[in-house]
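Peer 1: just a sequence and a predicted model for now, questions to come.
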Number of protein chains: 2
Amino acid sequence: MFATALALTLLMPMPRVATPGDGKLAINEDFTVAATGVSDGRMDRAIDRLVARISRQTGIWIVAPKAGGASRATLRIECSAAGPAYPTLGEDEAYTLDVTAQNATIKAATIDGAMRGMATFVQLIAEGPGGFSAAAIHVEDRPRFAWRGLMLDVARHWMPLEVVERNLDAMAAVKLNVFHWHLSDDQGFRVESKLYPKLQQMGSDGNYYTQDQVRHVIEYARDRGIRVVPEFDIPGHTTAWLVGYPEIGAAPGPYELGRHFGVFDPVMDPSKEGVYSFLEGFLGEMTKLFPDAYFHIGGDEVNGKDWTRSAAVQAFEKEHNLADNEAFHAYFNQRVLKIVQANGKTMIGWDEILHPDLPKASVIQSWRGQKGLAEAVGKGYQGILSWGYYLDHLSTAAYHYGIDPLGGNLPADQASRVLGGEACMWSEYVSAETVDSRIWPRLAAIAERFWSPAELKDVDSMYQRMAAVSLQLEWTGVRHRANYAPMLERLAAGQPAGPVKVLADASEALGLGPRARAQRYTTLIPLNRLVDAARPESESIRALEQAAGRRNAEDVSALRRQFTEWAANDALFQPMAGQDGFLVELKPLSKDLSALGAMGLKALDYLGGGQQAPAAWLSTQTAEIARIQKPNAEVTLAANRPVKILLDALAKK
Amino acid sequence: MFATALALTLLMPMPRVATPGDGKLAINEDFTVAATGVSDGRMDRAIDRLVARISRQTGIWIVAPKAGGASRATLRIECSAAGPAYPTLGEDEAYTLDVTAQNATIKAATIDGAMRGMATFVQLIAEGPGGFSAAAIHVEDRPRFAWRGLMLDVARHWMPLEVVERNLDAMAAVKLNVFHWHLSDDQGFRVESKLYPKLQQMGSDGNYYTQDQVRHVIEYARDRGIRVVPEFDIPGHTTAWLVGYPEIGAAPGPYELGRHFGVFDPVMDPSKEGVYSFLEGFLGEMTKLFPDAYFHIGGDEVNGKDWTRSAAVQAFEKEHNLADNEAFHAYFNQRVLKIVQANGKTMIGWDEILHPDLPKASVIQSWRGQKGLAEAVGKGYQGILSWGYYLDHLSTAAYHYGIDPLGGNLPADQASRVLGGEACMWSEYVSAETVDSRIWPRLAAIAERFWSPAELKDVDSMYQRMAAVSLQLEWTGVRHRANYAPMLERLAAGQPAGPVKVLADASEALGLGPRARAQRYTTLIPLNRLVDAARPESESIRALEQAAGRRNAEDVSALRRQFTEWAANDALFQPMAGQDGFLVELKPLSKDLSALGAMGLKALDYLGGGQQAPAAWLSTQTAEIARIQKPNAEVTLAANRPVKILLDALAKK
């Protein structure tokens, strides 16, 4: 029973049906896999990856994983057909998985379905008495939504190929199936164009993907059952294009690559026919490079200032009876839609492309709210929800988990037009070094929202399973945990990093909103401070909060241990901070953490002693907590929360 | 002065001349590099790597590193000639480096020399008031030995391509210039042969490098100024060859791939002419694949049993007046030497090839002692020392550092025949996951022994600089530190790994000798226990030993803090250990660590109180220490050492 109950604490996304069985399947060096039904390179490579993943996780060298026939294999994969050669929206991703003490069997109608089953199987593997094993279980599973994506912005901060690769591996581990690649923005144009080479030559600081690399990523994603949907954001967010091709802009230019963040004035000039011939060439080239049926043209955040300033644009609007810049934008979208359609693609754009003249064949990606999505599907468009899934806000996993793509209480016919959701990783405040820790593990919880039944809402269960999956994801190669220690060691500048780690563990990083308000950031400001190392959600504080709520003997001693460490930490931190750039800004934070430690110890004394806490002490501490919970150096002390729980308990006493 | 003194604590290998200057050179997003004198792809790529390395280390995005002319560059590299296109023994690796507050200049006569200067420059970069900078300095530098190598055994445990790549990067960072690739042994044949494909097909479990991958590694190493010397160990250590080609063996066969470790009976049969035609084909193929002028034929550990058992061999020895198997082996070596020479290569082998009939054109790699090396160079051979540099013994860095390739007090003419040294990473007890932590950081100290003046012997300085370089190496991509936490988390099996880390930090892993004596190992036994995660030398204990020796107020409080953590750790460890496989064997060790913590606290009390420790207590504790310092679960508790220092101080009181 231990093993079986364990299984259900390891799975994310939780399958539709997961019934624990008896016993467990040993995973050792004799592990073998046999696939029947299809013969396909994708299946072979999926098996190779599965075995490599198990080897990394367990430290066991699996000697001959493909040796022996299907009858003797540890894991049998019965896949009745290959399914589409390139992953396709709405394809059959269902599978069943049966694990017994003797062997495991995955059944699926497509290779992509089989791979979803393999992702579940590998999550079951855990260490216990007798070594590694997968708990016996019966699983029947299929996704709730067909479109389950991650959008990655590689424009604001450049994301080298290996960042994309390792995140595709992690996406596959939680059954996501759309990689939305935000490839251009004011700060960078990131793909090689052979027709318009000045795009990457003048718009990327040399940081772009060659077409060969793009093809490699598409193949890499295809192998994992993930579609690649490219986005070239037009007509706004195009400063990087206009550096090399000012003639397609609405202002005379010259243009300079964006270094700041926000909504900028530079925009294409839809009144010029040359813009459409440019786009015919460019989109013709890119729609051939990317095989997916969908093509994203952005369309968000056009402030229209350069249009208003342009006499030519104003004359054009008048001449074509375009009431305003919004109508002018819609005119542009219709022209672009024709080009996209002529190239055989379905067009997607952000909310803003929604306009009475927009043909119904378009897809709306809603970032401004569930209302926007409801409006789009109400009007007959298909839609994708991204509002509520903005990873760069550094909200809690519980927040994202609580948002449903169908949250708007839609009628069935409208609900059926919601294709799914996409988490968005905008990169103003993340770099290749920090991006993984901003995506993971929270994206696993969002992936569950997209895959699993809507009824699954238990936040405690979600956090428990997300913590397990966070550790598992480490073995896929994603660096959300691995990059933590080196970043803290950088801050410590050669000194032992222990006290910095105590502080970072107790802190949570602020997201886009407050950092944008600081107004100090450009693409050139390094993201190498504590705020960049600290996690969006502290790993350890949640357990302390639960302990503070329960307060059994074990809890109290765990709390006491942690509070003691915090209380002692400032005396270690202050001397190492010196006058040094990185640590100086953290001195007040460190002092506050030690104060919280002392406060927590005192609160435990009062709670344990049966003695009433003096009212004056309580009110002073409560005021102190209120002060401390304000952000400092762009982080908040999550350490506040368990202490606050103790104070509240004292107040009620 | 802070900055300048700091510089000398960061460099390893220490340059021949390093004179601190005034001020420091800021390293920020405007950092640029310009090379003059040569135009060569290797230089361009070296600059790209340097900039990427600085970016990783600092977290700073360097916008346009190659922009601007030489007069304005932050770092100017004046390289008067490209030097040999493939790195060559004895080539000019000298450089000078001048860093001022305004800029830095490297001057060298070859690209390889310039790269050595770049490796020094990047070691100077540190964080301090005002951000990152390189301290002003004047450096004049050249290597003491021309052959400075690492041998990596990829046969006993397979080492995938990325292991080789990342270790080549780290080697370049400490100015090593020979990668000796031990490509075949009883347990595996690791290179694709197109002439004899059964070598890899039947001798590798599918784990081998294709010829394209070999060419890639050679190119990768060449780019870093590192030669690649292949070793195919013959006629012994050849079980993996004989699985596919039993006809070249001395016994009738069939042969099975080696799974155990040691010296085995299977051996080629030098009495068969077919063996030489096989080797003519094979060595012809491999000498073309590997461009280096040297070719290693192994030649070690032939036990001769299969020769003695073979009537044909015995008849052959008699017929050719070969007194014994040793003479027979020498006969074989002469035949092999002719093939190697016919292919334009100089032959290297281990000690055992030394024989009166061996031509002087051969090179002896001495693994059995400095005496063996002295004998070889005394007889006119060139030699390389590897004895004393066996990383798999997990000796201390101080031990390796204390051994000099010229330690045998050789006359000058003989000393001149000592080409240098090579550290050896045999892989019986390391895997792709653990190998980095067995190589690094100790290899940095050995690299200093090979590069820097012999007079440099201060062990404290070595440890201080090795610790700094260990952190820096993290940014080259080598995983000696990165793999530690995931391995401990694996041991913790989903529970918080803190108590396991406390234990691991205080432990040191045993090396080849004791592990081999355990007789339990084969290539199939996973290397995933605490002994595999624990370091050869604890990172933190050395500081505690120094503190225990000094015992100022700060030391005492640091000791007290650590002892308190140890004392409390067992109570946390025991419940999480449960009946579980990984942790159960560590229960006695954990108990001992807590006992040491308590003992240390008590000792501090006695030392601080001015009161004599009772003789009975002291003798009990001393006996306890003696018991505890015996290995357990294949690790030793390094935590013993600081406590022992305190007890010794009490005994003297």
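Peer 2: Happy to help now that I have it.
Peer 1: helices along the stretch 251-400 of chain A, start to end?
Peer 2: With DSSP state H, counting those that start in this stretch as the criterion, the stretch 251-400 of chain A has helices at A:273-289, A:305-309, A:311-319, A:325-342, A:370-378, A:397-401.
Peer 1: with distance to chain B added, can I get those in JSON lines?
Peer 2: Using the backbone N, CA and C atoms, a C-beta is placed for each residue, glycine as well. Below are the helices of the stretch 251-400 of chain A laid out as JSON lines (distance: least, Cβ to the nearest Cβ, whole Å):
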{"stretch": "helix A:273-289", "distance to chain B": "26"}
{"stretch": "helix A:305-309", "distance to chain B": "26"}
{"stretch": "helix A:311-319", "distance to chain B": "33"}
{"stretch": "helix A:325-342", "distance to chain B": "32"}
{"stretch": "helix A:370-378", "distance to chain B": "34"}
{"stretch": "helix A:397-401", "distance to chain B": "18"}
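Peer 1: out of these, which one sits most buried?
Peer 2: By mean neighbour count, with neighbours taken as mean count of other Cβ atoms under 10 Å in any protein chain shown, helix A:370-378 ranks first of these at a mean of 21.
Peer 1: show residues contacting it.
Peer 2: A:351, A:354, A:364, A:366, A:382-385, A:387-388, A:403, A:405, A:407-408, A:410, A:414-415, A:417-418 (Cβ atoms under 8 Å, 6 or more residues apart in numbering or on different chains).
Peer 1: which one of the helices of the stretch 251-400 of chain A lies closest to B:Ile248?
Peer 2: Nearest of these to B:Ile248, taken as Cβ to Cβ: helix A:273-289 at 51.9 Å.
Peer 1: so in chain A, which helix runs the longest?
Peer 2: If you go by DSSP state H, chain A has its longest helix at helix A:553-577.
Peer 1: buried set for that helix?
Peer 2: Across helix A:553-577, burial judged by 16 or more other Cβ atoms under 10 Å in any protein chain shown covers A:555-556, A:558-560, A:562-570, A:572-574, A:576-577.
Peer 1: ok, back up a step: turn the helices of the stretch 251-400 of chain A into TSV, columns for distance to B:Thr522 and mean pLDDT.
Peer 2: Listed next are the helices of the stretch 251-400 of chain A as TSV, based on distance: least, Cβ to Cβ, whole Å; pLDDT from 0 to 100:
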stretch	distance to B:Thr522	mean pLDDT
helix A:273-289	50	98
helix A:305-309	71	97
helix A:311-319	76	97
helix A:325-342	60	95
helix A:370-378	59	93
helix A:397-401	44	98
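Peer 1: can I get these in CSV including distance to A:Ile226?
Peer 2: Listed next are the helices of the stretch 251-400 of chain A as CSV, based on distance: least, Cβ to Cβ, whole Å:
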stretch, distance to A:Ile226
helix A:273-289, 17
helix A:305-309, 37
helix A:311-319, 40
helix A:325-342, 22
helix A:370-378, 23
helix A:397-401, 20
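Peer 1: if we can go back for a sec, ok, which of the buried residues of helix A:553-577 also contact chain B?
Peer 2: A:Ala568 (Cβ under 8 Å from any Cβ of the partner chain).
Peer 1: mind checking how far the most centrally placed residue in chain A is from A:Gly402?
Peer 2: With distances taken as Cα atoms, centre = their mean, A:Ile439 lies nearest the centre of chain A, 3.5 Å away. According to Cβ to Cβ, to the nearest Å, A:Ile439 stands 19 Å off from A:Gly402.
Peer 1: go on, A:Trp350?
Peer 2: 23 Å.
Peer 1: measure how buried A:Gly37 is and give me the count.
Peer 2: Neighbour count for A:Gly37, taken as other Cβ atoms under 10 Å in any protein chain shown: 18.
Peer 1: now do the nearest residue to A:Glu301 once chain neighbours are set aside: how many residues are near it, please.
Peer 2: Counting by Cβ to Cβ, 6 or more residues apart in numbering or on different chains, the nearest residue to A:Glu301 once its immediate chain neighbours are dropped is A:Val263, at 4.6 Å. Neighbourhood size, A:Val263 [other Cβ under 10 Å]: 12.
Peer 1: again, but for A:Ala52
Peer 2: 14.
Peer 1: before we move on, what SS does A:Gly149 have?
Peer 2: Following DSSP: H, G, I helix; E, B strand; the rest coil, A:Gly149 is assigned to strand.
Peer 1: what's the per-residue pLDDT of the residue nearest to the centre of chain A here?
Peer 2: Model confidence at A:Ile439, given as pLDDT, is 98.
Peer 1: from A:Ile348, how far off is it?
Peer 2: Taking Cβ to Cβ, one finds A:Ile439 at 21 Å from A:Ile348.
Peer 1: likewise for A:Leu152?
Peer 2: 16 Å.
Peer 1: so the two - more neighbours on which side?
Peer 2: A:Leu152 (27 against 24).
Peer 1: quick one: the more buried one and A:Val164 touch, right?
Peer 2: Yes. Under the criterion of Cβ atoms under 8 Å, A:Leu152 is in contact with A:Val164, at a separation of 7.1 Å.
Peer 1: common neighbours of the two, please.
Peer 2: In contact with both A:Leu152 and A:Val164: A:Phe179, A:Trp181, using Cβ under 8 Å, 6+ apart.
Peer 1: ok, back up a step: so who does the residue nearest to A:Glu301 touch?
Peer 2: A:Gly236, A:Glu301, A:Asn303.
Peer 1: figure out the helix or strand that the first one lives in.
Peer 2: With secondary structure defined by DSSP states H and E, A:Gly236 is part of neither a helix nor a strand.
Peer 1: how many neighbours does the closest residue to it other than its chain neighbours have?
Peer 2: Excluding the flanking residues, the one nearest A:Gly236 by Cβ to Cβ, 6+ apart is A:Val302, at 3.8 Å. Other residues lying near A:Val302 total 25 when counted by other Cβ under 10 Å.
Peer 1: now A:Val302: how far from chain B?
Peer 2: With distances taken as Cβ to the nearest Cβ, to the nearest Å, A:Val302 is found 28 Å from chain B.
Peer 1: help me confirm that that residue comes into contact with A:Glu352.
Peer 2: Yes. If you go by Cβ under 8 Å, A:Val302 and A:Glu352 touch, sitting 6.9 Å apart.
Peer 1: now for those two: what residues contact both?
Peer 2: Common contacts of A:Val302 and A:Glu352 (Cβ under 8 Å, 6+ apart): A:His329.
Peer 1: measure the one residue in the stretch 51-200 of chain A that gets nearest to chain B to A:Ile27 for me?
Peer 2: Per Cβ to the nearest Cβ, A:Gly59 is where the stretch 51-200 of chain A lies closest to chain B, at 2.8 Å. The gap separating A:Gly59 from A:Ile27 is 11 Å, by Cβ to Cβ.
Peer 1: coming back round to it: mean confidence score for the helix or strand just after the longest helix of chain A?
Peer 2: Going down the chain from helix A:553-577, the next helix or strand is helix A:581-584, by DSSP H and E. The pLDDT scores in helix A:581-584 average 90.
Peer 1: after helix A:581-584 comes which helix or strand?
Peer 2: Downstream of helix A:581-584, the next assigned helix or strand under DSSP H and E is helix A:587-609.
Peer 1: what are the buried residues along the helix or strand just after that next one?
Peer 2: Counting by DSSP H and E, the next helix or strand C-terminal to helix A:587-609 is helix A:615-628. Within helix A:615-628, the residues scored as buried using 16+ other Cβ under 10 Å are A:Leu618, A:Gln621, A:Glu624, A:Ile625, A:Ile628.
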